[in-house]
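>>> Task: produce atomic coordinates for the following.
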Amino acid sequence: MSAILNLIWFILGGFAAGCAWLLAALILGLTIVGLPWAMAAGRIGLFSFFPFGSKVVDRSSMTGRQDLGTGGFGFLLNLVWFILGGWYVALVHLVVGALLLLPVVTIPFALQHFKLAGIAMAPVGKTVVPA
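Numbering: from 1, shown residues only. Okay, here's the model as predicted:
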């Protein structure tokens, strides 16, 4: 079932969302200052191509240990991300998700946008795993 939903998602906007996130990752990677956020944006981009059957979790809960992106420095990176534009990207996903709640058939897609909004607010220190 998730393969069919992923295919529909990809055709009806997942491709555009994924490309936008990957473009942001590329732009962040080109700037020296944006390098810490480039990997996080790339993970979101790949996740947004096919979100059904996957979930986003803290990397420290997966590995059982702290690393550079999951400790205090990761919190600081997420705070800067949120202030400089993460809230705006999350707001866009929330609005699109709210609009997709109106027709009953698109509720699964709305839930995926809410999932993307959650990761867009604080992407550093997160990883994507099969659900």
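>>> Going along the chain, name the helices of this protein.
2-9, 15-30, 35-49, 59-63, 72-81, 87-100, 107-121 (DSSP state H).
>>> Those into CSV, with extra columns for mean pLDDT, distance to residue 131 and mean neighbour count?
The way it works is simple: take the backbone N, C-alpha and C, and place the C-beta from them, glycine included. Output for those, formatted as CSV (pLDDT from 0 to 100; distance: least, C-beta to C-beta, whole Å; neighbours: other C-beta atoms under 10 Å):
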stretch, mean pLDDT, distance to residue 131, mean neighbour count
helix 2-9, 93, 8, 15
helix 15-30, 94, 18, 16
helix 35-49, 92, 12, 20
helix 59-63, 81, 14, 14
helix 72-81, 92, 23, 16
helix 87-100, 94, 18, 16
helix 107-121, 93, 10, 20
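>>> Pull up the gap between the closest residue to residue 36 other than its chain neighbours and residue 111, please.
Leaving aside its sequence neighbours, residue 36 sits nearest to residue 77 (C-beta to C-beta, 6 or more residues apart in numbering; 5.3 Å). Per C-beta to C-beta, to the nearest Å, residue 77 is found 27 Å from residue 111.
>>> returning to what we had before: what sits against the residue nearest to residue 36?
Residues near residue 77 by C-beta atoms under 8 Å, 6 or more residues apart in numbering: 36-37, 69, 124.
>>> which among the residues you listed gets closest to residue 91?
Residue 91 lies nearest to residue 37 out of these, by C-beta to C-beta, at 17.9 Å.
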